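1. Here is my input, please return the structure:
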Amino acid sequence: MNLKKILTLTLACSIFTLSVQAEEIGGVNVTGEAAFDYNLVTLKNQSIPGGGGAKDNQYRFNYAQLILKKETEKLNFFGRLFYLPTEYESNGKQSTSNLGVLNQLEIFYKVDSKLQVGFGRFLTSLGYESPFRTVNHTYNYTISRQTLYPGYAEGLRAKYHFTPEILAIVSSYNRFADSTFGDDNSTSKATEAAITGTSGKLRWYAGYITSRDNNLTEKVDNKGASIWGAYKFSDPFSFIATYENRSADTKASAMKYTQSFTGTLVYVLGINNLALRYEHVRGANDINAINAAADFKTADKVESITLTDKIAIHENLNLYVEYRTDKADEKAFVKGNGGIVRNASMLTLGAIAHF
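-> Sure, this is the predicted structure:
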């Protein structure tokens, strides 16, 4: 049986068999997860901007992914296979396509004990939340994770360990990934630089990305930043603070700028992992202009509170009960009947199987 068939069988088995552990296939370490949820949304058949596309009274196989890792004396290999059911419109009717995508593929060469250089399709290093959602404190991502961060792009990356606790990362991509302005073309380049580390009970990160995208009509300067710190007060109690911003600037129009502050309290009580998250977004009305990721209409300020209980009922299965409520300073949320309101909320019942 070839490797492709083995990986396909592994993904199928992982969704239904909870006793499976991370395995090695031909020396490749394989891990994965699959998510399913049911949502109640006050906007009915409309989704909350930055809400992951969830709609009211809908069962949803959210996604599945496989992580493939291989390490040798001089080379590191990392791949991410992602399955995402995607809605589209065809001949005036809504349909769903089940897309399987190789989102990420990284190959690194170990120059010495401190320096690695690599090429491939990279995910930005910006942000606290992981795309492997099992390790996150909440089921749904923050607004900034879904709207302000660049995504995947081809390029080069270097990683340098100043000490075992401090790592610097420098990347060059074809462009500022997921920007509205300009395609993924050779005339646009993005540079990302970051430093991260640990100091006692504190983990921290600071990163910055910049690019000039060239499209058919204008040049657009794109910039973004991410700073976060995670402090563990004790075994059950921790706090995470994050700050992100993103901007797009042209000579022909005013600069589009959005920033987000997030604070998250986490408390572990047996199998219950409780999280309380507060998000404060300014310049929300510019998010859609920057990358068409979410449309908050004319609202400048959006505040969001999320309360989550992640229940580890099995070593390979987490259940989630999550409530999110958003409030904007202007009418920002479109309802199913076409009306626009200042408040919206969502209740999510979710499950993630992982191995």
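2. quick one, helices of the chain?
-> Along the chain, the segments classed as helices by DSSP state H run 3-16, 143-147, 287-291.
3. How about the contacts made by the residue nearest to residue 76 when sequence neighbours are not counted?
-> Among residues not flanking residue 76 along the chain, residue 108 sits closest, at 4.2 Å (CB to CB, 6 or more residues apart in numbering). Placement of C-beta: from N, CA and C, glycine included. Residue 108 sits next to 75, 76, 77, 78, 116, 117, 118, 157, 159 when contact means CB atoms under 8 Å, 6 or more residues apart in numbering.
4. Closest one of these to residue 315?
-> For the contacts of residue 108, the residue nearest residue 315 by CB to CB is residue 78; the value is 23.9 Å.
5. how much space between the closest residue to the closest one other than its chain neighbours and residue 316?
-> Ranked by CB to CB, 6+ apart and with sequence neighbours excluded, the top spatial neighbour of residue 78 is residue 106, at 4.4 Å. Using CB to CB, to the nearest Å, residue 106 is found at 26 Å from residue 316.
6. Was I right to think the residue nearest to residue 78 contacts residue 121?
-> Yes: shown here, residue 106 and residue 121 form a contact pair, counting by CB atoms under 8 Å, at 7.4 Å.
7. How confident is the prediction for the residue nearest to residue 78, by pLDDT?
-> At residue 106, the pLDDT value in this model is 96.
8. Kindly report the same for residue 287.
-> With respect to pLDDT, residue 287 scores 85.
9. I'd guessed it sits against residue 300; true?
-> No: counting by CB under 8 Å, residue 287 stays clear of residue 300, with 10.9 Å between them.
10. of these two, who's got more company?
-> It is residue 287, of residue 287 and residue 300, that has more neighbours when counted by other CB atoms under 10 Å, with 27 against 16.
11. what's near enough to touch that one?
-> 49, 50, 147, 148, 258, 281, 293, 294, 295, 296.
12. How many residues are close by residue 28?
-> Neighbour count for residue 28, taken as other CB under 10 Å: 16.
13. for the closest residue in space to it that isn't next to it in sequence, which residues make a bridge with it?
-> Sequence neighbours aside, residue 70 is the residue nearest to residue 28 in space, at 4.8 Å (criterion: CB to CB, 6+ apart). Residue 70 forms beta bridges with residue 77, as assigned by DSSP bridges.
14. The residue nearest to residue 78 pairs with what?
-> In this structure, residue 106 bridges to residue 78, residue 120 when assessed by DSSP bridges.
15. and it, how far is that from residue 124?
-> Distance from residue 106 to residue 124, counting by CB to CB: 12 Å.
16. between these two, who's got more neighbours?
-> Neighbour count, other CB under 10 Å: between residue 106 and residue 124, residue 124 has more, with 22 against 17.
17. Who are the contact partners of that one?
-> By CB under 8 Å, 6+ apart, the neighbours of residue 124 are 149, 150, 151, 152, 153, 171, 177, 192, 207, 209.
18. okay, those in TSV with distance to residue 54 and neighbour count next?
-> Putting the contacts of residue 124 into TSV (distance: CB to CB, whole Å; neighbours: other CB atoms under 10 Å) gives the following:
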residue	distance to residue 54	neighbour count
149	19	25
150	23	23
151	20	16
152	23	21
153	27	21
171	32	22
177	24	24
192	30	26
207	28	22
209	28	24
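19. Among these, give me the pair with the biggest separation.
-> 152 and 207 (15.8 Å).
20. what's the burial count for residue 159?
-> For residue 159, using other CB under 10 Å, the count is 19.
21. ok, it to residue 125 distance?
-> 9 Å.
22. intersection of neighbour lists for the two?
-> Here residue 159 and residue 125 share the contacting residues residue 169, scored by CB under 8 Å, 6+ apart.
23. For residue 250, give me the pLDDT.
-> On the pLDDT scale, residue 250 gets 82.
24. Ok, residue 345 next?
-> Predicted confidence (pLDDT) for residue 345: 97.
25. so what's it closest to, chain neighbours aside?
-> The nearest residue in space to residue 345 (CB to CB, 6+ apart) is residue 325, at 4.1 Å.
26. For that neighbour, list the residues it contacts.
-> By CB under 8 Å, 6+ apart, the neighbours of residue 325 are 304, 305, 343, 344, 345, 346.
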